[in-house]
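Peer 1: Sharing a sequence plus its predicted fold:
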Amino acid sequence: MPAFEILVAFLITTAMFAYMPGPSMIYVSAQTLARGRKAGLMASLGVHLGGYFHVGAAAFGLAALLALIPQAYFLIKVVGALYLIFLGIMMILKRKEQGPETSGDQKDATKAFFESAIVEVLNPKTAIFFVAFLPQFVDLSTAWPVWLQMAVLGTIVNLMFSSGDLFCVVFASLMIKKLRRSNMGARWAKMVGGSFLILLGGKLALDR
């Protein structure tokens, strides 16, 4: 596994991503409000399982690339750093998130599960996130192969994101009201999270 300080940075950064209001939280909240609590839970499960598609793609695809072409690690690291900087800027500037639309029809929880899994698998932003984020915390000096580190880190990310989604399902009505009010606390959290990502991206881009 990566060194302790790398894991600490990984967990802090992942938590900031996981518990910041975002499209996935809004999506499962909308599913809950439109279809009920059970459908919201099934939607969260669908999003969670769909996330493993991206974890596997990132782990095995990048593992082969990084093992064969060392220069690719540097390239992906720079691209990932630039993406984190961009994401931080957008987090600061963007005042309101737009979630996926729901039809408003009363559909069963099983359909909500399959729809959510497909939505997550086909979401290109999730793929870009894993490709940009996970390599920043891979330690090439450890005995663990790169693909295994990527798979473990990706699983942790997926679980933490899903915990945030489940929180929104249980407290959907309260969460939606707070998000719509756009309190100073929410704005402050966006500023801190965005600034942290910009600084992290800048540091990673300059590291040799």
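Peer 2: Arrived safely, thanks for sending. Numbering: from 1, shown residues only.
Peer 1: Surely residue 48 is in contact with residue 162?
Peer 2: Yes. Using Cβ atoms under 8 Å, residue 48 is in contact with residue 162, at 4.2 Å. From N, CA and C alone the C-beta is placed, and that goes for glycine too.
Peer 1: Name the single longest helix found in the protein.
Peer 2: In the chain, taking DSSP state H as the definition, the longest helix is helix 37-68.
Peer 1: For that helix, buried residues please.
Peer 2: 39-55, 57-59, 62-63, 66 (16 or more other Cβ atoms under 10 Å).
Peer 1: now stretch 8-16
Peer 2: The neighbour-count check on stretch 8-16 (16+ other Cβ under 10 Å) flags 10, 13, 14, 16 as buried.
Peer 1: show me the contacts for the third one.
Peer 2: What that stands for is residue 14. 156, 157, 160 (Cβ atoms under 8 Å, 6 or more residues apart in numbering).
Peer 1: Using a markdown table, please lay out these together with secondary structure.
Peer 2: A markdown table is the format used below for the contacts of residue 14 (DSSP: H, G, I helix; E, B strand; the rest coil):
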| residue | secondary structure |
| --- | --- |
| 156 | helix |
| 157 | helix |
| 160 | helix |
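Peer 1: I'd like those as CSV, with distance to residue 129, neighbour count and pLDDT appended.
Peer 2: Converted to CSV, the contacts of residue 14 look like this (distance: Cβ to Cβ, whole Å; neighbours: other Cβ atoms under 10 Å; pLDDT from 0 to 100):
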residue, distance to residue 129, neighbour count, pLDDT
156, 14, 17, 95
157, 9, 25, 95
160, 13, 15, 95
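Peer 1: Before I go, just wanted to say thanks for your time.
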